[in-house]
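Engineer: Any chance you could fold what I've pasted below:
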Amino acid sequence: AEFYKGVHYTFKDPNLNLKCANAEDGRYELDILGISKEATYLIEVKAGLVSDGAKRGALSSIKTDLSGIIGDAICQSYRASLYINESSNPSFETSDGKIVIPINKDKVFRISISFSYVGSLI
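Structural biologist: Just a heads-up that it's a prediction; the model follows:
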């Protein structure tokens, strides 16, 4: 697989109703795109700190913190997968202007990586 970091794509869907889908121009970024004949990999990476309230067990703080740390990554990779599945010719633009096109639209894996320690919540 070849991997590209910081790719952009344009996905304008007036019916799209996601918390993370708020770009008026429909232009979005995906942290890492992996393309191979076997599969397409959509990777979102997030980092953040768990608040003191969450560490003490405050449910509203836990929900807010995890929504930002994990939920946004899941939502953003989901939006990219919708773009691939619903577009007839999905393409992504790399930072140097190169256009890359997913080869395999049938096997799309969404991967969310968090650089946040949430062990204290578990």
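Engineer: mind listing the strands in the protein by residue range?
Structural biologist: Per DSSP state E, the chain has strands spanning 2-10, 27-35, 40-46, 92-93, 99-100, 108-114. These are given in chain order.
Engineer: Tabulate those (TSV), appending mean neighbour count and distance to Ile84.
Structural biologist: (Glycine included, C-beta is placed from N, CA and C.) What follows is these, written out as TSV (neighbours: other CB atoms under 10 Å; distance: least, CB to CB, whole Å):
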stretch	mean neighbour count	distance to Ile84
strand 2-10	15	9
strand 27-35	18	10
strand 40-46	20	7
strand 92-93	20	9
strand 99-100	12	12
strand 108-114	16	6
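Engineer: Of all those, which one comes closest to Leu18?
Structural biologist: With CB to CB as the measure, strand 27-35 is the member of the strands of the chain nearest Leu18 (10.6 Å).
Engineer: Also compute the angle for the closest one relative to strand 40-46, please.
Structural biologist: Using axes from the mean of the first three to the mean of the last three CA atoms, to 10 degrees, the inter-axis angle of strand 27-35 relative to strand 40-46 is 120 degrees.
Engineer: Strand 27-35 - contacts with which helices or strands?
Structural biologist: When contacts are defined as 3 or more CB pairs under 8 Å, 6 or more residues apart in numbering; DSSP states H and E, strand 27-35 packs onto strand 2-10, strand 40-46, helix 72-86.
Engineer: Redo the ones you listed as TSV? Include mean pLDDT and distance to Ile101.
Structural biologist: TSV is the format used below for the helices and strands packed on strand 27-35 (pLDDT from 0 to 100; distance: least, CB to CB, whole Å):
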stretch	mean pLDDT	distance to Ile101
strand 2-10	97	11
strand 40-46	94	10
helix 72-86	93	10
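Engineer: about what we covered before: export the strands of the chain as a markdown table, with columns for distance to Gln76.
Structural biologist: Listed next are the strands of the chain as a markdown table, based on distance: least, CB to CB, whole Å:
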| stretch | distance to Gln76 |
| --- | --- |
| strand 2-10 | 11 |
| strand 27-35 | 7 |
| strand 40-46 | 5 |
| strand 92-93 | 13 |
| strand 99-100 | 18 |
| strand 108-114 | 9 |
